[in-house]
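Participant: here you go, sequence then predicted model.
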Amino acid sequence: MELQDKEVLVIGTGISGIGAARLLLQVGARPVLFDGNDKLDIEEIRKKLEGAEGIRIVLGEVPEEMKERIDLLVISPGVPIDSPLVEEFQKKNVPVIGEIELASQFAKGKIVAITGTNGKTTTTTLTGDIMKAYYDSVFVVGNIGNPFTTEVLSTTEKSVTVAEISSFQLETTKTFAPEVSAILNITPDHLNRHHTMECYVETKEKIAMNQTKDQVCVLNYEDGYTRAFGEKCPAKVVYFSSRRELPEGIYLKGEDIYLKEDGAEEKLLNIHELNLVGICNVENVMAAIVISRAMKVPMDVILDIVRNFHAVEHRIEFVAAKEGVDYYNDSKGTNPDAAIQGIRAMTKPTVLIGGGYDKQSEYDEWIEAFDGKVKALVLIGQTRDKIAACAKKHGVENIILADTFEEAFEVCRQQAEPGDAVLLSPACASWGMFPNYEVRGKIFKELVNKIGE
């Protein structure tokens with residue numbers, strides 16, 4: 001992509017927008033960093049751009065004369081492609097891309113790209129750790145909180161980049177083609193953004209659409225959407241399954257993980273050797289193993305890292321045992337399917353905190369997954385009444401509504417008895433009460449750790 005002296009409008013002043021603007025400046029473009037929120041502090045934005053003084057900042061509205069000069073639009077993941085400003089540029093045939101597509105134009109070495117409704121962060125982190133144990137130059141980037149644009153100019157022909165990619169980032173990919181891709185699962189999420197399930201599924205599939213038969217795509221055999229995609233995927237498909245033995249691929253048989261290649265079966269490890277809980281994490285581990293296998297990492301290196309890997313923060317994370325009660329932080333359970341994995345991982349009577357921002361999700365399957373484990377359901381946020389109505393419909397009786405997160409936590413303490421568990425697994429995004437799920441999980445852990453002080 002030739003960007004020398006091109007005027008490029010970057011929408012969004014978060015870490016993605018900052019990273020994109022810095023990269024554009026470094027490759028000779030003339031970036032303009034824009035945000036529609038005119039209440040932002042321009043000096044605070046300049047502090048984030050320290051050392052990149054050639055970037056112009058515009059807040060509120062893009063001047064008409066500037067619009068006429070723009071050669072390329074780079075949008076942050078939080079900006080919908082059907083927003084009025086983006087559509088205005090599209091009508092003028094101005095190319096619209098995102099941070100991942102931009103960075104990939106300058107990337108060297110091999111890229112591993114991982115997406116899915118749930119499990120992305122755990123699988124990306126584990127895969128990154130495996131790559132670091134074998135390769136000298138490894139970058140872990142993307143939706144995991146480290147923009148690809150920030151690291152890409154440091155990559156070399158010997159580098160491996162492991163990228164967590166969200167559907168928001170995949171919307172704006174055009175030529176992105178990783179060496180190994182993975183779609184862990186696809187369940188309803190972000191339908192307020194993608195509008196239909198069909199659109200959401202097609203967006204996820206874009207991760208592999210530019211791959212060739214010489215490259216690999218790792219797919220979940222037990223997910224109907226990913227299994228169907230395997231029939232048309234342009235890359236070589238490797239499946240993983242937590243429910244059945246496969247003719248080829250990696251699978252769970254009893255409590256052991258097996259790999260079958262060219263008809264030869266090899267037992268890899270027992271799930272009790274893992275430091276992770278829940279079948280969802282067994283799937284994440286299997287995906288990471290076959291991704292790493294496709295990247296030519298020796299199996300002994302892979303299994304050594306897998307056996308020593310601990311849960312990612314905020315994903316079914318054991319916090320502490322206090323007064324005989326186990327506390328688990330699953331703040332990253334931001335949709336019903338992720339929260340299903342959280343409750344399935346519990347082995348004790350559980351007091352559950354749910355609720356938050358409404359992403360137009362349905363909660364029936366989540367409530368059904370309680371399977372008698374949930375002794376009290378404590379609800380907060382915008383969705384609390386919607387979830388309460390759904391829970392009552394499914395026979396849940398002990399439902400408590402709380403006005404604040406702190407109140408919800410105190411209710412949990414009152415409801416839990418020695419031998420129980422308290423689980424934060426909201427099935428909803430954090431927006432409205434918290435800036436993000438990390439802050440929500442951090443506050444939960446702080447409250448847990450104060451018990452007994």
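Facilitator: Arrived safely, thanks for sending.
Participant: neighbours around residue 144, how many?
Facilitator: The number of residues packed near residue 144 is 19, by other CB atoms under 10 Å. The C-beta positions use only the backbone N, C-alpha and C, and glycine is treated the same way.
Participant: any idea how far residue 341 is from residue 374?
Facilitator: For residue 374, the distance to residue 341 (CB to CB, to the nearest Å) stands at 15 Å.
Participant: tell me the phi and psi of residue 405?
Facilitator: Phi and psi for residue 405, reported as degrees, to the nearest 10, are phi -70, psi -40.
Participant: measure it to residue 420 for me?
Facilitator: In this view, residue 405 and residue 420 are 20 Å apart by CB to CB.
Participant: comparing the two, which shows the higher neighbour count?
Facilitator: Higher neighbour count among residue 405 and residue 420: residue 405, with 22 against 19, using other CB under 10 Å.
Participant: give me every residue that touches that one.
Facilitator: 380, 433-434, 440, 443-444 (CB atoms under 8 Å, 6 or more residues apart in numbering).
Participant: also residue 375?
Facilitator: Under the criterion of CB under 8 Å, 6+ apart, the neighbours of residue 375 are 349-351, 398, 415, 420.
Participant: can you pull the pLDDT of residue 424?
Facilitator: For residue 424, the pLDDT comes out at 98.
Participant: tell me what it is bridged to.
Facilitator: residue 329, residue 353 (DSSP bridges).
Participant: residue 330 is in contact with that one, correct?
Facilitator: Yes. Counting by CB atoms under 8 Å, residue 330 is a contact partner of residue 424 at 5.9 Å.
Participant: give me the more crowded residue out of the two.
Facilitator: Between residue 424 and residue 330, residue 424 has the larger neighbour count (other CB under 10 Å), namely 32 against 29.
Participant: which secondary element of this structure has the worst mean pLDDT?
Facilitator: Of all the helices and strands that make up the chain, helix 191-194 has the lowest average by mean pLDDT, DSSP states H and E, namely a mean of 58.
Participant: quick revisit: now the contacts of residue 405 in JSON lines, with neighbour count, secondary structure and pLDDT?
Facilitator: Shown next, in JSON lines, are the contacts of residue 405 (neighbours: other CB atoms under 10 Å; DSSP: H, G, I helix; E, B strand; the rest coil; pLDDT from 0 to 100):
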{"residue": "380", "neighbour count": "26", "secondary structure": "coil", "pLDDT": "98"}
{"residue": "433", "neighbour count": "19", "secondary structure": "coil", "pLDDT": "93"}
{"residue": "434", "neighbour count": "19", "secondary structure": "coil", "pLDDT": "95"}
{"residue": "440", "neighbour count": "26", "secondary structure": "helix", "pLDDT": "98"}
{"residue": "443", "neighbour count": "18", "secondary structure": "helix", "pLDDT": "98"}
{"residue": "444", "neighbour count": "26", "secondary structure": "helix", "pLDDT": "98"}
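Participant: low-confidence ranges in the stretch 51-200 of the chain?
Facilitator: The model of the stretch 51-200 of the chain has pLDDT under 70 over residues 188-195.
Participant: can you give me the helices in it?
Facilitator: Secondary structure of the stretch 51-200 of the chain (DSSP state H, counting those that start in this stretch): helices at 64-67, 84-91, 99-104, 120-134, 148-151, 167-170, 191-194, 197-205.
Participant: looking at those, which is nearest to residue 302?
Facilitator: helix 120-134 (5.5 Å; CB to CB).
Participant: what is that closest one packed up against?
Facilitator: Applying 3 or more CB pairs under 8 Å, 6 or more residues apart in numbering; DSSP states H and E, one finds that helix 120-134 contacts strand 110-115, strand 138-142, strand 160-164, helix 279-294, helix 299-307.
Participant: show me the one of those that comes nearest residue 252.
Facilitator: Among the helices and strands packed on helix 120-134, helix 279-294 comes nearest to residue 252, with 5.9 Å by CB to CB.
Participant: can you pull the buried residues of the closest one?
Facilitator: By 16 or more other CB atoms under 10 Å, the buried positions in helix 279-294 come out as 280-294.
Participant: swap in stretch 315-323?
Facilitator: Buried, per 16+ other CB under 10 Å, within stretch 315-323: 315-317, 319, 322.
Participant: residue 213: neighbouring residues, count only.
Facilitator: 9.
Participant: so how far is residue 431 from the most centrally placed residue in the chain?
Facilitator: Centrality entry for the chain: nearest residue to the mean C-alpha point is residue 120, 4.6 Å, by CA atoms, centre = their mean. Using CB to CB, residue 120 is found at 19 Å from residue 431.
Participant: go on, residue 234?
Facilitator: Counting by CB to CB, the gap from residue 234 to residue 431 is 36 Å.
Participant: those two: who's more crowded?
Facilitator: residue 431 (17 against 14).
Participant: ramachandran angles for that one?
Facilitator: The phi and psi values for residue 431, taken as degrees, to the nearest 10, are phi -60, psi 150.
Participant: quick revisit: out of the helices of the stretch 51-200 of the chain, which gets nearest to residue 252?
Facilitator: helix 120-134 (15.6 Å).
Participant: tilt between the closest one and strand 110-115?
Facilitator: Per axes from the mean of the first three to the mean of the last three CA atoms, to 10 degrees, the angle that helix 120-134 makes with strand 110-115 is 160 degrees.
Participant: now do the contacts for residue 122.
Facilitator: 276, 281, 284, 311-312, 315.
Participant: can you get me the start-to-end distance on stretch 52-66?
Facilitator: 21 Å (CA to CA, to the nearest Å).
Participant: residues of it that come out buried?
Facilitator: Counting neighbours by 16+ other CB under 10 Å, stretch 52-66 gives 52, 55, 57-59, 62 as buried.
Participant: may I see the buried residues of stretch 441-450?
Facilitator: Using 16+ other CB under 10 Å as the test for burial, stretch 441-450 gives 441-445, 447-448.
Participant: among those residues, which are in helices?
Facilitator: In helices, judged by DSSP state H, the following of those are found: 441-445, 447-448.
Participant: return the closest of these with respect to residue 96.
Facilitator: Closest approach between these and residue 96, by CB to CB: residue 441, at 33.4 Å.
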